[in-house]
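**Q** this one's sequence-less:
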């Protein structure tokens, strides 16, 4: 049988060619068959089961560490203490897997999934087992608060919304209560997005919703930072930081990934970063592991943070360049020489830039407006880096490229101008200090100023 006649192949190829016709306004030139076809999108993600297992092991390890006291008595206890990130992994997974059917339906122009069926599946997944465990453990050995007037809070996944009961009953079940709250919120959010975004072009829908999810994530993170006492004098013990409004940032990350993956699959596009991740999956684990290790370092130990951050950056930078060299088909000897030469060249260039600008910056640090110069230069560097990352990852244009190329073309003149301005500032500062010194220490009586 010819490949194009195979149903699966033909359906996928037609799906790629006709995916977002229902999400665009120009459909007059599209055949009727193309409009009625439903894009073939994935429904199952079996590798998430492995990720769930990793998150479950992390939660198990951190609870053993807390119970045994290892996290407070051992040097490496800080590492075990950060295994609590497994809960966040669960939240991200839930945000991705549960929201993806809703977002796929909207992007292809279909109505959202049946809410009653969705609620039934969610309830059957967690309610029977949770109710059984809660009742059995409340009978023996006994759980505080379950058989009281607040029983409805525990059986209704609501105990986390009261400071007196949030850690009663099955205390580790607070994360399950957060999940249940998200189960209730998700169809409401999906319906609002379906009502406001359906019919718009695919790119416009993705851009708008990413902004909405980013705002939700930032507001949730700031709420958590404020009410946990990290920002401001709040008492974390009397706050509700273990509820959905304070954990929504993790779900928003998963929902954003669901949105991006669905949009890429429907449109048939494959950005560079996606191809790079598929070709180098180990890189993601290295990045995640490095970031996770940085979180285990105490905040009062900036030296260790700086050294590990520099080493981590160098590792990622070297791996990225090595992977690029691997595509050239070089022999191991030439590859080693190329990596060595690349690193030497980068270090030499960085030293040259530092030697050309550091004296001027040290001189300019005497003026009052130096803070604005430093912050403005830092922000420009960050924006330039982000533009380069977006350009390389998504194969898009970088609006800052012409400006950066123009500045690079005039780099010697800019360095000379900074140096002259710094010298002028230093000379003026020295003159001002001498003038103030003469005014503050006048010459003795009987002596002229010229003799002094």
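**A** Thanks, I have it. Just so it is clear, the structure is predicted and the values come from calculations on it, not from any experiment.

**Q** Show me what counts as buried in stretch 203-215.
**A** 205, 206, 209, 210, 212, 213 (16 or more other C-beta atoms under 10 Å). Where C-beta positions appear, they are placed from N, C-alpha and C, glycine not excepted.

**Q** swap in stretch 410-428?
**A** Neighbour-count burial for stretch 410-428, counted by 16+ other C-beta under 10 Å, picks out 415, 418, 419, 422, 425.

**Q** how close does the first one sit to residue 374?
**A** What that stands for is residue 415. In this view, residue 415 and residue 374 are 17 Å apart by C-beta to C-beta, to the nearest Å.

**Q** And residue 163, by the same measure?
**A** 44 Å.

**Q** can you check residue 70 too?
**A** Residue 70 is 43 Å from residue 374, where distance means C-beta to C-beta.

**Q** And for residue 128?
**A** 60 Å.

**Q** Give me the more crowded residue out of those two.
**A** The residue with more neighbours, out of residue 128 and residue 374, is residue 374; 13 against 10, by other C-beta atoms under 10 Å.

**Q** Buried residues of whichever strand or helix holds the more buried one, list them for me.
**A** Using DSSP states H and E, residue 374 sits within helix 370-394. For helix 370-394, a neighbour-count test (16+ other C-beta under 10 Å) marks 384, 387, 391 as buried.

**Q** can you check stretch 399-409 too?
**A** For stretch 399-409, using 16+ other C-beta under 10 Å, the buried residues are residue 400.

**Q** for stretch 131-143, same thing?
**A** Within stretch 131-143, the residues scored as buried using 16+ other C-beta under 10 Å are 134, 138, 143.

**Q** Including pLDDT, distance to residue 245 and secondary structure, could those residues go into CSV?
**A** Shown next, in CSV, are the buried residues of stretch 131-143 (pLDDT from 0 to 100; distance: C-beta to C-beta, whole Å; DSSP: H, G, I helix; E, B strand; the rest coil):
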residue, pLDDT, distance to residue 245, secondary structure
134, 95, 24, helix
138, 94, 28, helix
143, 92, 26, coil
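
**Q** Nearest to residue 251 among the buried residues of stretch 410-428?
**A** Distance to residue 251 across the buried residues of stretch 410-428 (C-beta to C-beta) is lowest for residue 418, with 47.1 Å.

**Q** Name the nearest residue to that closest one, ignoring sequence neighbours.
**A** In space, and not counting its chain neighbours, residue 418 is closest to residue 360: 3.8 Å by C-beta to C-beta, 6 or more residues apart in numbering.

**Q** Do you know the pLDDT at the one you found?
**A** Residue 360 carries a pLDDT value of 81.

**Q** Need the three-state assignment for residue 44.
**A** Of the three states, residue 44 takes coil according to DSSP: H, G, I helix; E, B strand; the rest coil.

**Q** So what's the residue count around it?
**A** For residue 44, the tally of surrounding residues (other C-beta under 10 Å) stands at 7.

**Q** Surely residue 254 touches residue 89?
**A** No: using C-beta atoms under 8 Å as the test, residue 254 is too far from residue 89 to be in contact (9.6 Å).

**Q** Remind me which helix or strand residue 249 belongs to.
**A** Using DSSP H and E, residue 249 maps to helix 244-267.
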